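Enquirer: Need a 3D model of the sequence below.
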Amino acid sequence: MTVEQNVLQQSTSQKHQQTFLNQLREITGINDTQILQQALKDSNGNLELAVAFLTAKNAKTPQQEETTYYQTALPGNDRYISVGSQADTRKKQYKPTRTRCATIEQTHYGSKDKRDMDVIDLTGDDKDDLQRAIALSLEESNRAFRETGITDEEQAISRVLEASIAENKASLKRTHTEVWSDSPNPYDRKRQDNCPVGLKNVGNTCWFSAVIQSLFNLLEFRRLVLNYNPPASAQDLPRNQKEHRNLPFMRELRHLFALLVGSKRKYVDPSRAVDILKDAFKSNGSQQQDVSEFTHKLLDWLEDAFQMKAEEERDGEKPKNPMLELFYGRFLAVGVLEGKKFENTEMFGQYPLQVNGFKDLHECLEAAMIEGEIESLHSENSGKSGQEHWFTELPPVLTFELSRFEFNQALGRPEKIHNKLEFPQVLYLDRYMHKNREITRIKRDEIKRLKEYLTVLQQRLESTAEQQQGTPSELPSTSPTPRSFIHKPFTQSRIPPDLPMHPAPRHITEEELSVLEGCLHRWRTEVENDTRDLQESISRIHRTIEQMYSDKSMIQVPYRLHAVLVHEGQANAGHYWAYIFDHHQERWMKYNDISVTKSTWEELERDSFGGYRNASAYCLMYINDKEHFLIKEDFHKETGQKLVGMETLPTDLRDFVKEDNQRFEKELEEWDLQLAQKAQQEKILASQKMREPAPSVMTAQAEEPEYLEQPSRSDLAKYLKEETMQAITKASSEHEDKNPETVLQLAIKLEYARLVKLAQEDTPPETDYRLHHAVVYFIQNQSPKKIIERTLLEQFGNRNLSFDERCRNIMKIAQAKLEMIKPEEVNMEEYEKWHQDYRSFRDTTMYLMIGLEHFQKKSYIEAIQYLICAYQNNKELLSKGPYRGHDEELISHYRRECLLKLNEHAAELFESGEDQEVNNGLFIMNEFIVPCLPLLLVDEMEEKDIVAVEDMRNRWCSYLGQEMEPNLQEKLTDFLPKLLDCSTEIKGFNELPKLPSYSTHELCERFARIMLSLSRTPADGR
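Expert: Numbering: from 1, shown residues only. Predicted coordinates for the structure are as follows:
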């Protein structure tokens, strides 16, 4: 075995054990490395057995020397290790070490291959049999590694990738619409201007999209990937496992990045890159692991790929790996072990931080940088142990992993921590730098002293407040008041009630009372002054602590927030997306799979800090604010002009993107051709219909201007016939001049006065006069007077009034006046727009009415479709004015209640376990609940809607820790990502529910009836 092979095996073994320690720490919530190492040792490397040891109720704390815990920090052990709790970070080793790694190598690689072994009986109490079984299991695992070069960690990761690919393949066979399905209309998939390109979710791969988009938007990283050329020696035939795995992945990653730069599509498909991740391993099963593992593995592969290239181009010098230079830094571990000091330099990549118990990022960092009793660092004779971490070299891209999962031993499963954790847009890291450790220690001591003094002041303030509450503000009057004596036969042997229980003066003079009043007033003033002074002192100390690191010397290392990766859901399932800062446009963007939208810091805070919903940040990516090359755009070397889009791509990638764009343009052309053919067919059918003779009634109606599609204009006129006749009769009786024109003018005035009165009347919800007449709607919404006048003229000019001579004359005059109206007098476009809004209002009313009727009949599937349409139409109307639509809160309440009841019904069907019932329940969720959730989440101000969504999601997430049949578990795992998808892209239903034809009279009656039947108080308080 060569020295290089020995080093490689030692490094792999060390990475293998460190990964297991990280996984144990994450699963069990135990941070004591000593306990974790002992459990791993006792289980011979079996992760599941180690978890069982640690989570058993009668588990004993392994008795292990403290030297094991601090062995990683002993002098001379200069190596690359993980400091993490979530996953294995950077652990590559370039020289052999004589520490724990050698022992691990013997354990993993020293056993012999024993294939011919008898079956071991584990049902008895023989401990030797158990040890033999464990040894056999370990030996099988090691043999697999020797034969394939694949570790258990890689197999576990592969299982998740295979699950994603299987999900993608299965999605092609489903009949219902998936949340990531493509629209048949390619124009819906067309990129708008220079909007960033999204990534398609190809089956539970939202984590991939979040990570890749964050890295792609680092311009320096983008350049490295796009300009990567595989080593010449590996172009023809890969020499080893790494080249066989990494080089195809780099090729597909380059293609994916190129499409993100220059594609004409709104989003692109990353399936080929994910396929390569899956094909790189041989595995079985579908057990899900922490998404952080994928981030680590992705960076590992990238580092290996660039390392191969760097070694080829080094020319005798030590190769420089750009991945190491971008993402990895160093820290110095300074500690004391049993009174002996030590220092050791270690390398880190993604830096893990615990969230629980801390309020902001600085508190997390302070806790991560100090372990044990830090006071002992300054004491030579102390028997205690502790260590500090000081950054000696920070990477240009600094990534923090926020550990938001802990193992609930009572429930036997991991749970997500929803605590709020704040983080700044600019993070100053001076206080954690080794060069500033002396001044930082002084400031830490000062902060500690101030906090102790703050505690004393707060205790004094509480005591003073109690004194202030006990100080009487007034003294009793000195005027004698006779005490009333109540005779109580059973208490006469006690102290007479007119005598005080304690010695007290029986008489107080005016002079004595004046002295006492003065003393009490002075004491009260002193207490108030003391309270005010204490409050000011406390505020002053808080300000001092906040400004402790604000001096110029401690703000020299600024790191700006580049990306925030967010997780929503529970520990076992959820959805991922990213907020990424556009450094050139200076704005935040939200990358949620195929959806890329503008965002704000306020939205990021709400989704990322935690404590508000089930969403919170799990990864923060900061970049050095002084390293401008990270976000520097490309410029032409000769002309100096900025390169944009396809200009930034190498020739091979430019050709690749052009080919894909040509395929997409062909899709657009084919779609246009289909539409043209369809339009031509419709035109032919329409011309055929026009040749057919039409009834005389239809001809007469066609001459009238369009008013209402549903209900028709003639329907409104029929309903208003009685009111119109009354106006004409009243006008004729009140005016001696029976001239039809005079009667028309007076009738219009009378009708207008009637409608104004209706519009001004304060009515209950069941009486809505806007449904009676369009003019009432126009008056309440302050439409132009010309719109109202023309509408009234049309009312009196309708042919349905031509049943006698007087009405016919008035109708003809009204029609003549309509023809005389010039285009400049009434804007017909505005006129049609007002009447279109009124049609929409009537449609909204019918959607609401029918939805409520179905809701009361408990036909929730039918109800939700109408209520959704009612809410969406109503919201659009209300955006134009407060009286354009109905009560938004009312519609929102019943929409929310309907979804909750549907969700509960679907959950009950799922719980039945019967195949048909389970499928029905999931059908309800996929077809009616999931498409509606974005409608509830799109308006972040609707707190009740957000709570309802959380209730629905929690209802299904509660099944994660329950025993169930494998087929149910599979269906639940398949469904949950869709439910937890936080995308606010509105999908809606395939077809809008149809509206029946109602007369105005019937519409008003049914609306009044349903509104009267509604409960005044919401049932659940929402």
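Enquirer: how close does Y618 get to Q570?
Expert: 13 Å (C-beta to C-beta, to the nearest Å). To be clear about C-beta, it is placed using only N, CA and C from the backbone, and glycine gets the same treatment.
Enquirer: out of those two, which sits in the busier spot?
Expert: More crowded of Y618 and Q570, by other C-beta atoms under 10 Å: Y618, with 26 against 23.
Enquirer: The host helix or strand of the more buried one pairs with which strands, and in what direction?
Expert: Y618 is part of strand 615-624 when elements are defined by DSSP states H and E. Strand 615-624 has the following strand partners under DSSP bridges: strand 397-403 (antiparallel), strand 558-569 (antiparallel).
Enquirer: Let me have those strands in JSON lines, adding distance to E647 and mean pLDDT as columns.
Expert: As requested, the strands paired with strand 615-624 are exported to JSON lines (distance: least, C-beta to C-beta, whole Å; pLDDT from 0 to 100):
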{"stretch": "strand 397-403", "distance to E647": "25", "mean pLDDT": "91"}
{"stretch": "strand 558-569", "distance to E647": "24", "mean pLDDT": "91"}
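Enquirer: Which one, of those, ends up nearest to P424?
Expert: Of all those, it is strand 558-569 that lies closest to P424, at 7.3 Å by C-beta to C-beta.
Enquirer: List the buried residues in that closest one.
Expert: Residues of strand 558-569 classed as buried: Y559, R560, L561, H562, A563, V564, L565, V566, H567, E568, G569 (neighbour count, 16 or more other C-beta atoms under 10 Å).
Enquirer: Looking at the residues you listed, which one is closest to I580?
Expert: A563 (4.7 Å).
Enquirer: Which strands and helices lie in contact with the strand or helix carrying E388?
Expert: Assigned by DSSP H and E, E388 falls within strand 386-393. Contact analysis of strand 386-393 by 3 or more C-beta pairs under 8 Å, 6 or more residues apart in numbering; DSSP states H and E lists strand 329-337, helix 361-369, strand 370-372 as its packing neighbours.
Enquirer: please redo it, this time with the cut-off set to 10 Å
Expert: strand 329-337, strand 340-348, helix 361-369, strand 370-372, helix 437-470 (3 or more C-beta pairs under 10 Å, 6 or more residues apart in numbering; DSSP states H and E).
Enquirer: can I get those in a markdown table with mean neighbour count, mean pLDDT and distance to L199?
Expert: A markdown table is the format used below for the helices and strands packed on strand 386-393 (neighbours: other C-beta atoms under 10 Å; pLDDT from 0 to 100; distance: least, C-beta to C-beta, whole Å):
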| stretch | mean neighbour count | mean pLDDT | distance to L199 |
| --- | --- | --- | --- |
| strand 329-337 | 21 | 88 | 29 |
| strand 340-348 | 18 | 87 | 29 |
| helix 361-369 | 18 | 91 | 28 |
| strand 370-372 | 17 | 76 | 39 |
| helix 437-470 | 13 | 82 | 42 |
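Enquirer: Make a markdown table out of the ones you listed and add distance to Y871.
Expert: Shown next, in a markdown table, are the helices and strands packed on strand 386-393 (distance: least, C-beta to C-beta, whole Å):
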| stretch | distance to Y871 |
| --- | --- |
| strand 329-337 | 51 |
| strand 340-348 | 51 |
| helix 361-369 | 39 |
| strand 370-372 | 53 |
| helix 437-470 | 49 |
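Enquirer: closest to Q856 out of the ones you listed?
Expert: Nearest of those to Q856, taken as C-beta to C-beta: helix 361-369 at 51.5 Å.
Enquirer: now the closest one against strand 329-337, angle please.
Expert: Angle of helix 361-369 versus strand 329-337, following axes from the mean of the first three to the mean of the last three C-alpha atoms, to 10 degrees, is 50 degrees.
Enquirer: Which strands or helices does helix 361-369 pack on?
Expert: Packed next to helix 361-369, using 3+ C-beta pairs under 10 Å, 6+ apart, are strand 351-354, strand 386-393, strand 397-403, strand 426-428, helix 437-470, strand 615-624.
Enquirer: quick one, it and strand 386-393 angle?
Expert: Going by the same axes, to 10 degrees, helix 361-369 makes 120 degrees with strand 386-393.
Enquirer: Tell me what angle helix 361-369 forms with helix 437-470.
Expert: 120 degrees.
Enquirer: Give me the contact list for helix 361-369.
Expert: 83, 85, 331, 333, 351-358, 360, 387-391, 400, 402-403, 421-424, 427-429, 431-432, 440, 444, 447, 549, 561, 617, 620, 622 (C-beta atoms under 10 Å, 6 or more residues apart in numbering).
Enquirer: Please repeat the previous calculation with a cut-off of 8 Å.
Expert: 83, 351-355, 357-358, 388-390, 400, 402, 421-424, 427, 432, 620 (C-beta atoms under 8 Å, 6 or more residues apart in numbering).
Enquirer: Just the CA trace of it, in CSV.
Expert: Extracted as CSV, the C-alpha positions of helix 361-369 are listed here (Å, rounded to 0.1, in the frame of the first residue of the first chain):
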residue,chain,number,x,y,z
LEU,A,361,-26.9,34.8,15.4
HIS,A,362,-24.3,36.4,17.6
GLU,A,363,-25.5,34.5,20.7
CYS,A,364,-25.2,31.2,18.6
LEU,A,365,-21.7,32.1,17.5
GLU,A,366,-20.6,33.0,21.0
ALA,A,367,-21.8,29.7,22.3
ALA,A,368,-20.2,27.8,19.5
MET,A,369,-16.8,29.5,20.0
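Enquirer: Now do whatever helix or strand G851 lives in, average pLDDT.
Expert: G851 is part of helix 828-856, with elements assigned from DSSP H and E. When pLDDT is averaged along helix 828-856, the result is 92.
Enquirer: Distance check, K880 against Q872.
Expert: In terms of C-beta to C-beta, K880 sits 14 Å off from Q872.
Enquirer: which of these two has more neighbours?
Expert: For K880 versus Q872, neighbours defined as other C-beta under 10 Å are more numerous around Q872 (18 against 12).
Enquirer: ok, residues contacting the helix or strand hosting the more buried one?
Expert: Using DSSP H and E, the element containing Q872 is helix 860-878. Outside helix 860-878, the residues that touch it by C-beta under 8 Å, 6+ apart are 837, 840-841, 843-844, 847-848, 850-852, 854-855, 884-886, 888, 891-892, 894-895, 898-899, 901-902, 905, 924, 928, 932, 935, 988-989, 992-993.
Enquirer: Spit out the contact partners of V355.
Expert: Contacts of V355 (C-beta under 8 Å, 6+ apart): C364, L402, S403, R404, I417, N419, L421, G610.
Enquirer: Only whichever of those are buried, select them in PyMOL.
Expert: This is how PyMOL selects the buried members of these, with burial counted by 16+ other C-beta under 10 Å:
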select buried, resi 364+402+403+404+417+421+610
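Enquirer: could I get the contacts of V355 as JSON lines with distance to L771?
Expert: JSON lines is the format used below for the contacts of V355 (distance: C-beta to C-beta, whole Å):
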{"residue": "C364", "distance to L771": "59"}
{"residue": "L402", "distance to L771": "55"}
{"residue": "S403", "distance to L771": "58"}
{"residue": "R404", "distance to L771": "52"}
{"residue": "I417", "distance to L771": "52"}
{"residue": "N419", "distance to L771": "51"}
{"residue": "L421", "distance to L771": "52"}
{"residue": "G610", "distance to L771": "47"}
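Enquirer: residues near Q782, how many?
Expert: 9.
Enquirer: Check the secondary structure at I580 for me.
Expert: State at I580, reduced to three classes by DSSP: H, G, I helix; E, B strand; the rest coil: strand.
Enquirer: likewise K880?
Expert: With three-state DSSP as the criterion, K880 reads coil.
Enquirer: Not counting its neighbours along the chain, what's nearest it?
Expert: Nearest non-adjacent residue to K880, counting by C-beta to C-beta, 6 or more residues apart in numbering: D837, 7.0 Å away.
Enquirer: ok, now T399?
Expert: Nearest to T399 is Q350, by C-beta to C-beta, 6+ apart, at 4.4 Å.
Enquirer: May I have stretch 1002-1011 as CSV, with CA atoms only?
Expert: Extracted as CSV, the C-alpha positions of stretch 1002-1011 are listed here (Å, rounded to 0.1, in the frame of the first residue of the first chain):
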residue,chain,number,x,y,z
GLU,A,1002,-85.2,35.1,-7.9
LEU,A,1003,-81.6,36.1,-7.3
CYS,A,1004,-82.6,38.8,-4.7
GLU,A,1005,-85.0,36.3,-2.9
ARG,A,1006,-82.5,33.5,-2.7
PHE,A,1007,-79.7,35.8,-1.6
ALA,A,1008,-81.8,37.2,1.2
ARG,A,1009,-82.8,33.7,2.3
ILE,A,1010,-79.3,32.4,2.5
MET,A,1011,-78.0,35.5,4.3
